[in-house]
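Asks: Sequence and predicted structure, then a few things I'm wondering about:
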Amino acid sequence: MRTTLCLCVAVVAAAFAASASSAAGSFCDTADDKVLCGQLVGRAGTWAEAMTNALNGVQKQAEGGKSVADTVAAKLPAGVLPQTKDAIVSTCQWAYENVMDNVKECIEFVKDDPTSAIKYHLSSVSYSDCTEGLSEFSLSVPEATQFDAEMQKLSSALLAVAEKKP
């Protein structure tokens with residue numbers, strides 16, 4: 001009896017996990033990083049749920065970029081000209097705000113997007129303006145580069161889910 005009960009529980013748990021995984025998989029089958037996409041989508045049953053879950057997950061992860069944007073100035077070499085430093089710092093702050101604004105816009109677009117602007121905004125979930133600004137002056141801030149790479153992966157996952165919009 002105990003073995004049968006354990007076997008039944010294991011079968012039900014496996015079936016539930018498979019159905020949750022296949023639901024995420026259907027929204028993430030074109031994602032470059034299917035595992036990341038599946039983690040963002042979670043157990044969504046509809047496209048709107050999948051997109052909202054993914055956007056909320058990206059928003060939480062992107063919030064960590066505020067500390068990156070806030071510390072760029074301190075990470076620049078001492079010899080950087082003040083006007084160059086100001087330009088880089090403002091660009092990195094703007095790039096962070098742009099990431100957050102685009103994610104917030106897209107959350108609204110899940111509910112109402114008559115012009116299909118969500119894909120445009122999702123492709124703008126990037127911190128590359130900061131890293132490109134740094135490279136223009138032959139400078140690098142590893143934390144900014146890492147955050148940009150993370151945002152690119154997250155943006156790619158979001159775009160994969162957006163492609164499944166009915």
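Replies: Done, it's in.

Asks: does A44 count as helix, strand or coil?
Replies: coil (DSSP: H, G, I helix; E, B strand; the rest coil).

Asks: Look up how far T91 lies from the closest residue to it other than its chain neighbours.
Replies: The spatial neighbour of A44 that comes closest, neighbours along the chain excluded (Cβ to Cβ, 6 or more residues apart in numbering), is A50 at 3.7 Å. No exception for glycine: its C-beta is placed from N, CA and C like everyone else's. Noted for A50: a distance of 33 Å to T91, by Cβ to Cβ, to the nearest Å.

Asks: Now the helix or strand in which the residue nearest to A44 is found - C-alpha only, CSV.
Replies: A50 is part of helix 47-63 when elements are defined by DSSP states H and E. Provided in CSV are the C-alpha atoms of helix 47-63 (Å, rounded to 0.1, in the frame of the first residue of the first chain):
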residue,chain,number,x,y,z
TRP,A,47,0.6,34.3,-23.3
ALA,A,48,-0.4,37.3,-21.1
GLU,A,49,0.5,35.4,-17.9
ALA,A,50,3.8,34.3,-19.5
MET,A,51,4.7,37.8,-20.7
THR,A,52,3.7,39.4,-17.4
ASN,A,53,5.7,36.8,-15.3
ALA,A,54,8.7,37.3,-17.5
LEU,A,55,8.5,41.1,-17.4
ASN,A,56,8.1,41.1,-13.6
GLY,A,57,11.1,38.8,-13.3
VAL,A,58,13.2,41.0,-15.5
GLN,A,59,12.2,44.1,-13.7
LYS,A,60,13.3,42.5,-10.4
GLN,A,61,16.7,41.5,-11.9
ALA,A,62,17.1,44.9,-13.6
GLU,A,63,16.6,46.7,-10.3
